[in-house]
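got a predicted structure plus its sequence, pasted below:
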Amino acid sequence: MTTPINTPVLDLRSVAFAYPDGHQALFGVDLQVQRGERVAVLGPNGAGKTTLVLHLNGILQPGAGTVSVSGLPVVRDNLQEIRRRVGIVFQDPDDQLFMGSVREDVAFGPRNLGVRGAELDRKVMDALDMVGMADFADRPPHHLSFGQRRRVAVATVLVMEPEIIVLDEPSSNLDPASRRELADILTGLEVTLMMVTHDLPYALQLCPRAIVLSDGIVAAQGSTFDILTDDALMKSHRLELPFGFDPHVC
Ligand SMILES: Nc1ncnc2c1ncn2[C@@H]1O[C@H](COP(=O)(O)OP(=O)(O)OP(=O)(O)O)[C@@H](O)[C@H]1O
């Protein structure tokens, strides 16, 4: 199927969601992400960011509203294709690494789609190369450091050649060098990217655009720089820059 060139990769219309216990987490979220964009999702604890992410590949289904990925609605019948198009890197890499070796973990997704033999080997090694983990292909994931496991988790998503990569707190628990190396990897990728983060300098470095999710609605969106330098907006949504960090000088 061909997709018109200006169809957003992500298109959320009036998405509302309540958990089974009745807690309403999203109250009508509208959000479009165009091909090639890098967008940060900012917001205080409990704002609904993870709930939003779980709607992007159909882990959660909205109570009202719609989610589409490059024009394809996120509904039960489309989930296999949606999950190929949307790669989610969860906060805890151990949620997505469960095989005996790095190579097997990265091969898991494409193998499920029927890729085999030399083509599978090539795809796996290309993805591991992109995250600088090719030398670790035969190591068990649980023998790797947290930062190395996060890179492998990124490779498990890259190998599927998704249309958008969504990362939940990609810089959490990384030491400064690993944090910087992951930023280098992510900025080098030619893929649409959405990143949920409390690490505001990271958002500024990686994502030209940001949205502020607060109490289950999109409270603001615009350039990341404009948002981070709007003191009143930042304060009203409990967003704080690290002490001494000045967005004007990075
Ligand atoms: N399984 C659940 N059942 C009921 N309520 C939930 C469930 N998961 C999350 N919530 C509630 O939904 C709201 C949004 O949660 P969510 O995890 O999406 O927030 P978040 O913005 O990702 O927060 P954080 O920055 O702390 O990770 C919160 O009030 C939370 O308590």
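Received, thanks.

beta partners of the residue most central in space within the chain?
What sits nearest the mean C-alpha location of the chain, by C-alpha atoms, centre = their mean, is V166, with 1.4 Å. V166 has these beta-bridge partners by DSSP bridges: I88, M194.

do I have it right that it meets L54?
No - counting by C-beta atoms under 8 Å, V166 sits too far from L54 to count as a contact (9.9 Å). Yep, even glycine has a C-beta here, placed from its N, CA and C like the rest.

need the residues of this structure near the ligand, please.
19, 21, 23, 25, 43, 45-51 (C-beta under 6 Å from any ligand atom).

CSV for those, including pLDDT and neighbour count?
Putting the residues of the chain next to the ligand into CSV (pLDDT from 0 to 100; neighbours: other C-beta atoms under 10 Å) gives the following:
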residue, pLDDT, neighbour count
Y19, 97, 11
D21, 96, 5
H23, 96, 11
A25, 98, 21
G43, 95, 26
N45, 93, 7
G46, 94, 14
A47, 96, 23
G48, 96, 23
K49, 96, 23
T50, 95, 16
T51, 97, 21
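
among the residues you listed, which lie within helices?
Among the residues of the chain next to the ligand, DSSP state H puts 49-51 in helices.

can you give me the strands in the chain?
Per DSSP state E, the chain has strands spanning 10-18, 24-33, 38-42, 64-69, 72-73, 86-89, 164-168, 192-196, 209-214, 217-223. These are given in chain order.

any chance of those strands in TSV, with distance to V154 too?
Shown next, in TSV, are the strands of the chain (distance: least, C-beta to C-beta, whole Å):
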stretch	distance to V154
strand 10-18	19
strand 24-33	19
strand 38-42	14
strand 64-69	19
strand 72-73	24
strand 86-89	6
strand 164-168	8
strand 192-196	11
strand 209-214	21
strand 217-223	25
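
before I go, just wanted to say thanks for your time.
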